[in-house]
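Engineer: The following comprises the amino acid sequence and a computationally predicted model.
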Amino acid sequence: MAPVPSSAPIDGPLFAEVNMGSDSSAQTVRVTVVQASTVFYDTPATLDKAERLVADAAAYGSQLVLFPEAFIGGYPRGCTFGVTIGSRSAKGKEEFQKYHASAIDVPGPEVDRLAAIAGKYKVYLVMGVIERAGYTLYCTVLFFNSQGQYMGKHRKIMPTALERIVWGFGDGSTIPVFETPIGKIGAVICWENRMPLLRTAVYGKGIEIYCAPTADPTNTWHLSMIHIALEGGCFVLSANQFCRRKDFPPAPDYVFIGPEEEYSPDSVVCSGGSVIISPSGTILAGPNHEGEALISADLDLGEIARAKFDFDVVGHYSRPDVLSLTVKDDPLNPVTFTSGAKIEGSQKP
């Protein structure tokens, strides 16, 4: 492969090249993390933007493209949805209605569109979405293979802080790791990455390319990503949105916490920080806090074995006789119907 640009601004010149793949006998996988903003409250336009970005990444030769948390549907940064303890405002309920309308059904036409994009550009696509399941929303990651097939999803099992007001809780049935020709791929979302037992669950499934879509732009985030790469002996890819105030609807349709006059249209409200880390803890690309960008690197998969020789958290460095983890991976349903059972007051057609 030719050298890959580690970070390319969207609609701008390339800069900073990185040469990878020192072991020519090992498989090398080119990956890109997308750092870009949702077109808020406009899901069709966001899908169009996603396709343009996938096309750009594929033009670099990328085989896997990771998007940020909640890219389709939007991360409602700075929005309270009119919630105080004991009450919800009428305007907040209207905001939720609009947010609900921007979410997508899984399966659904937007999922079909994303699958078609992955197949058209021959990439593995890992996409953060807001999933609509009836009237409950989930922060979800969808996985697609390079043949244009939907593989499955991960629902965030623990939304953070006020996120819990607008998103439901995933369960153990959606913590997949997919075995693919380019490696074993899974995802853990934002501050789920601070949950040691969830990390251990995906390590136990043999994850090799650990995707961490996030909404955390802080300077300490990439330190957590370095730790996870070392702990899991895996490549870590983290994608975050880069957003300005003008990427959200203007007031009063969308109001940030605090006086609106503090925000100019170009005020940065999320500064990205997307990054790619090797199993040795080396930063391969990023963190980028400069603007919307495609951040790319070549992954030498042989480095996984070299890292695991030092430390294999679920292998030779484990002590199952002392410490063990049980994961409950059955789906949890609030209502279960037993086929053929007679239910008082109901009638069969």
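Structural biologist: Nice, thanks for sending it over. Just so you know, these numbers come straight off a predicted model, no measurement behind them.

Engineer: shaky segments in the protein?
Structural biologist: Within the chain, the set of residues satisfying pLDDT under 70 comprises 1-6, 11-26, 258-261, 340-349.

Engineer: repeat that with 50
Structural biologist: 12-24, 345, 349 (pLDDT under 50).

Engineer: can you give me the helices in it?
Structural biologist: Assigned by DSSP state H, the helices in the chain fall at 43-59, 90-102, 109-121, 163-166, 196-204, 221-232, 302-310.

Engineer: mind listing what the closest residue to Tyr135 other than its chain neighbours touches?
Structural biologist: Leaving aside its sequence neighbours, Tyr135 sits nearest to His100 (Cβ to Cβ, 6 or more residues apart in numbering; 7.0 Å). Any C-beta I mention is one placed from the backbone N, CA and C, and that applies to glycine too. Applying Cβ atoms under 8 Å, 6 or more residues apart in numbering, we find His100 in contact with 132, 135, 137.

Engineer: Which among the residues you listed count as buried?
Structural biologist: 132, 137 (16 or more other Cβ atoms under 10 Å).

Engineer: Make CSV from the contacts of His100 and add distance to Lys246 to it.
Structural biologist: CSV is the format used below for these (distance: Cβ to Cβ, whole Å):
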residue, distance to Lys246
Arg132, 26
Tyr135, 30
Leu137, 25
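
Engineer: and Lys246, how many residues sit next to it?
Structural biologist: When neighbours are counted by other Cβ atoms under 10 Å, Lys246 registers 14.

Engineer: Same question for Leu294.
Structural biologist: 27.

Engineer: what's the answer for Val129, then?
Structural biologist: 27.

Engineer: how far away is it from Asp105?
Structural biologist: Counting by Cβ to Cβ, to the nearest Å, the gap from Val129 to Asp105 is 10 Å.

Engineer: Ok, Lys91 next?
Structural biologist: Distance of Lys91 to Asp105, given as Cβ to Cβ: 26 Å.

Engineer: now Gly86
Structural biologist: Applying Cβ to Cβ, the value for Gly86 to Asp105 is 32 Å.

Engineer: check contacts around the closest residue to Ser280 other than its chain neighbours.
Structural biologist: Excluding the flanking residues, the one nearest Ser280 by Cβ to Cβ, 6+ apart is Ala307, at 5.7 Å. Going by Cβ under 8 Å, 6+ apart, Ala307 touches 230, 233, 278-280.

Engineer: Need the buried ones from those residues selected in ChimeraX.
Structural biologist: Buried residues within the contacts of Ala307, by 16+ other Cβ under 10 Å, are selected in ChimeraX with:
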select :230,233,278,279
